[in-house]
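Trainee: Have a look; sequence and predicted model below, questions after that.
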Amino acid sequence: MPYLPRCQERLFLVRGVVASLLIASSLIGAAVLAASAPAAPSAPPAHDSTLAREILREMIDTRSTHDVGTTELARKVQARLLAAGFAPVDAQLLIPVDNPLSGNVVARLHGSGKGKPVLYLCHLDVVEAKPEDWTRDPFHLTEDNGWLYGRGTIDMKGQDAAVFAALLRMKSEHFTPERDIVVAFTADEEAGGERNGVDWLLKEHRDLVDAGLVINPDGGEAGMKAGRRLYVGVQTGEKISMAFEAEVTDKGGHSSRPTADNPIYRLSEGLARLSKFRFPTHFTDTTRQYFERRAAIETGSIRSDMLAAAKTPPDPAAVDRLSAVVETNILLRTTCTATRIEGGHAQNALPQRARATLQCRIIPGESQDSVRDTLARVLDDPTIKISVITPASPSPESPLSGNILSTVEKVARQLWPDVVILPQMGAGASDSKYTRVVGIPSYGIDGMFDDLDDGRAHGRDERIGVAAFGQEVDFTYRLMREVSKGR
Ligand SMILES: [Zn+2]
């Protein structure tokens, strides 16, 4: 894959922000952290917890890396749905003919028809884990000292189990939502998957997954630090990844007869201009509200800069200071950066070619063509030819104009009264890009608080706190009921 896996990117972003911003204001920040201890959340009903844990164990213990595939786990999910009384038509196992390992399940709890269905996205596949690198078996759920260890506990079998347990609980309670609740347990979200389940279901079984709203816990993030719960994110969009090549060619010749047209020089001079360039500031609804709300958990000059930047028009000096920090800079604008360079063919020959790869992360709403035009202007040399290596697949930002933030806030505050609800733009990509591009507003929401200083998604000894998992189960059930109200 040309870029890092989603979750890794996401963690870089947020850990960086917290490291640079919260820690930067260290002493005051520490005092604030110490002063506001987390409120004790209510415990979920015992039966719900037990069921969720049982599902999590089955999911972790059933290996679903890409060499094995998701079909075996999908069969177990379907069996559980049927045993719980779902009709076969509402618990469908869907396997692409040409990808028999990439099985999916779509479950439906019928509503009273007041509003379009709500679709939950839950990928079943996990990143590979090498048992020799782990201190425990990654494919066996292990509880140890308040932690649950296993590949997928954070990404995203923990969330899958919470959604699944909530669905089964609603079924057993004979709860009739106003809107249908649809859950798609899918294949191949992680890098290396051949048949992305969400993409395939939208193309081949649109009727089953059609919805008025998507909730994707995989794109969500609940951040905590030093034992303090900071925020529950509502991810509305993702930066769009793409790559250009910048190339200069020349006839070359003997190195004893140098010329000013040397492609290495021309390209380097263009790249030097790019290195000093910042794309224009581009706030979206999401990033503006992000800074406004993020300010509430920051202190000092960072807090005041965030508030000043979020104003209309933004304060240029505040934007400038925030642009000097990588983690806030990337939220303020599109970026393009050189990631590879090559050129020349012999020690004693003038180069006939020099080229660089420029990797871009585009703010939703900007186009590949406009970014290319900007690059051409900045490189400022007609001999530098710019071409697309990896095209952008644009995906819009989902609107914050509805009541999604207030709904999440209502539910989250029942459990964690002090937590900030934070609209977020992701730097990586999740399955929400497929549902957004077909016009379904999609939000990444998750209540499983993860320590921002110890992100282990895709890494060794992946784990989630026993308490954090229990609260996720409770949060997910409450959220699914609340969101299922017709609007
Ligand atoms: Zn994931």
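Mentor: Everything's here; your move.
Trainee: So which elements touch the helix ranked longest in the chain?
Mentor: Using DSSP state H to define each element, the chain has its longest helix at helix 466-483. On a contact count with 3 or more C-beta pairs under 8 Å, 6 or more residues apart in numbering; DSSP states H and E, helix 466-483 meets helix 46-61, strand 118-123, strand 147-149, helix 157-172, strand 213-215, helix 404-415, strand 449-451. Quick note: C-beta positions are derived from backbone N, CA and C, even for glycine.
Trainee: One more pass at 6 Å, please.
Mentor: On a contact count with 3 or more C-beta pairs under 6 Å, 6 or more residues apart in numbering; DSSP states H and E, helix 466-483 meets helix 46-61, helix 157-172, helix 404-415.
Trainee: which of those helices sits most buried?
Mentor: Burial of these is given as mean neighbour count (mean count of other C-beta atoms under 10 Å); helix 157-172 ranks first at a mean of 25.
Trainee: Please enumerate residues in contact with it?
Mentor: Here helix 157-172 makes contact (C-beta atoms under 6 Å, 6 or more residues apart in numbering) with 48, 51-52, 55-56, 59-60, 84, 109, 120, 122, 183, 217, 446, 448, 464, 469, 472-473, 476-477, 480.
Trainee: got the angle for it vs helix 466-483?
Mentor: 50 degrees (axes from the mean of the first three to the mean of the last three C-alpha atoms, to 10 degrees).
Trainee: near the ion at all, helix 157-172?
Mentor: No. Applying C-beta under 5 Å from the ion, one finds helix 157-172 separated from the ion by no less than 8.5 Å.
Trainee: about what we covered before: CA atoms only for the longest helix of the chain, dumped as CSV, please.
Mentor: C-alpha atoms of helix 466-483 as CSV (Å, rounded to 0.1, in the frame of the first residue of the first chain):
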residue,chain,number,x,y,z
VAL,A,466,-11.4,-3.8,31.0
ALA,A,467,-13.3,-0.8,32.3
ALA,A,468,-12.9,1.1,29.0
PHE,A,469,-14.4,-1.9,27.1
GLY,A,470,-17.3,-2.1,29.6
GLN,A,471,-18.1,1.5,29.1
GLU,A,472,-17.9,1.2,25.4
VAL,A,473,-20.5,-1.5,25.6
ASP,A,474,-22.7,0.8,27.6
PHE,A,475,-22.1,3.9,25.4
THR,A,476,-22.7,2.0,22.2
TYR,A,477,-26.0,0.6,23.4
ARG,A,478,-27.2,4.0,24.5
LEU,A,479,-25.9,5.7,21.3
MET,A,480,-27.6,3.1,19.0
ARG,A,481,-30.9,3.6,20.7
GLU,A,482,-30.7,7.4,20.6
VAL,A,483,-29.6,7.5,17.0
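Trainee: I'd like the distance from it to the chain centre, please.
Mentor: 19 Å (C-alpha atoms, centre = their mean, to the nearest Å).
Trainee: For that helix, what does the pLDDT average out to?
Mentor: Mean per-residue pLDDT for helix 466-483: 96.
Trainee: now the angle from it to strand 118-123?
Mentor: Using the same axes, to 10 degrees: helix 466-483 against strand 118-123 is 150 degrees.
Trainee: Which positions within helix 466-483 qualify as buried?
Mentor: The neighbour-count check on helix 466-483 (16 or more other C-beta atoms under 10 Å) flags 466, 468-481, 483 as buried.
Trainee: what sits up against that helix?
Mentor: 41, 44, 48-49, 52, 118, 146, 148, 158, 162-163, 165-166, 407, 411, 415, 447-449.
Trainee: rewinding a little: got JSON lines for the helices and strands packed on helix 466-483, with mean pLDDT too?
Mentor: Output for these, formatted as JSON lines (pLDDT from 0 to 100):
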{"stretch": "helix 46-61", "mean pLDDT": "92"}
{"stretch": "helix 157-172", "mean pLDDT": "97"}
{"stretch": "helix 404-415", "mean pLDDT": "96"}
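Trainee: in the stretch 251-400 of the chain, what residue is nearest the ion?
Mentor: residue 395 (16.5 Å; C-beta to the ion).
Trainee: just the stretch 201-350 of the chain next, same as before
Mentor: residue 218 (4.2 Å).
Trainee: Isn't that residue up against residue 154?
Mentor: No. Using C-beta atoms under 6 Å, residue 218 is not in contact with residue 154; the gap is 10.1 Å.
Trainee: Please spell out the segments of this protein that come in under the pLDDT threshold.
Mentor: 1-45, 487 (pLDDT under 70).
Trainee: Assign the closest residue to residue 69 other than its chain neighbours to helix, strand or coil.
Mentor: Nearest residue to residue 69, sequence neighbours excluded (C-beta to C-beta, 6 or more residues apart in numbering): residue 101, at 2.6 Å. Following DSSP: H, G, I helix; E, B strand; the rest coil, the label given to residue 101 is coil.
Trainee: Out of the buried residues of helix 466-483, which are close to the ion?
Mentor: Among the buried residues of helix 466-483, the ion is touched by none when using C-beta under 5 Å from the ion.
Trainee: Name the nearest of those residues relative to the ion.
Mentor: residue 472 (14.5 Å).
Trainee: was I right about residue 117 contacting residue 182?
Mentor: Yes. Applying C-beta under 6 Å, one finds residue 117 in contact with residue 182, separated by 5.0 Å.
Trainee: And the strands in the stretch 101-250 of the chain?
Mentor: Secondary structure of the stretch 101-250 of the chain (DSSP state E, counting those that start in this stretch): strands at 104-109, 118-123, 142-144, 147-149, 181-186, 213-215, 222-225, 228-238, 240-249.
Trainee: mind putting these in a markdown table, mean neighbour count and distance to residue 284 included?
Mentor: Output for the strands of the stretch 101-250 of the chain, formatted as a markdown table (neighbours: other C-beta atoms under 10 Å; distance: least, C-beta to C-beta, whole Å):
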| stretch | mean neighbour count | distance to residue 284 |
| --- | --- | --- |
| strand 104-109 | 26 | 31 |
| strand 118-123 | 28 | 22 |
| strand 142-144 | 14 | 41 |
| strand 147-149 | 20 | 36 |
| strand 181-186 | 27 | 27 |
| strand 213-215 | 26 | 19 |
| strand 222-225 | 22 | 20 |
| strand 228-238 | 26 | 7 |
| strand 240-249 | 20 | 12 |
